[in-house]
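Q: sequence first, then the predicted structure, then my questions.
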Amino acid sequence: MASLIVPLPILVIVGVELVLDATNPKKLDITQEFAYSDAKLFWGFGTLAIMIALVAVMFVRIYRRENDLRPLGLPLAVVALQLLMWIFILLVSNITSTTEDDYRAASFAVELKQSSVRVI
């Protein structure tokens, strides 16, 4: 179960996106990047929270049964690695989005400058 902490929320997000894009209940422009982002984020982070809670409960049960922390070493390492990867993916995604936004703003400024030169 510890190894599903990252893939399961991503799968849920993709599934929610599939259903919402197919049905389009709010009649949004689904070609836009942020269409239904609130629902996707809610279900994705909700699934992540549930998975973390379930893994924590399992850790407590294993510890109570074994009275030793050694059996929790590998699952705890998997959870820590998965959460670090999740944070890294979010950071890289944010950096990419910022770079794309900066590029769009710069190209828009160049287009605006070129169009003002043509008008005069």
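A: Nice, I can see it.

Q: quick one, what contacts Pro25?
A: Applying Cβ atoms under 8 Å, 6 or more residues apart in numbering to Pro25 gives no contacts. Heads up, the C-betas are built off the backbone N, CA and C, glycines and all.

Q: with the one 4 residues further on instead?
A: For Asp29, the contacting residues are Ala35, by Cβ under 8 Å, 6+ apart.

Q: which SS class is it?
A: Following DSSP: H, G, I helix; E, B strand; the rest coil, Asp29 is assigned to coil.

Q: now it: how far from Val78?
A: Remark: distance between Asp29 and Val78 (Cβ to Cβ, to the nearest Å) = 40 Å.

Q: likewise Gln32?
A: Separation of Gln32 from Val78 (Cβ to Cβ): 36 Å.

Q: more neighbours, these two?
A: Between Gln32 and Val78, counted using other Cβ atoms under 10 Å, the more crowded position is Val78 (16 against 9).

Q: lovely, talk soon.
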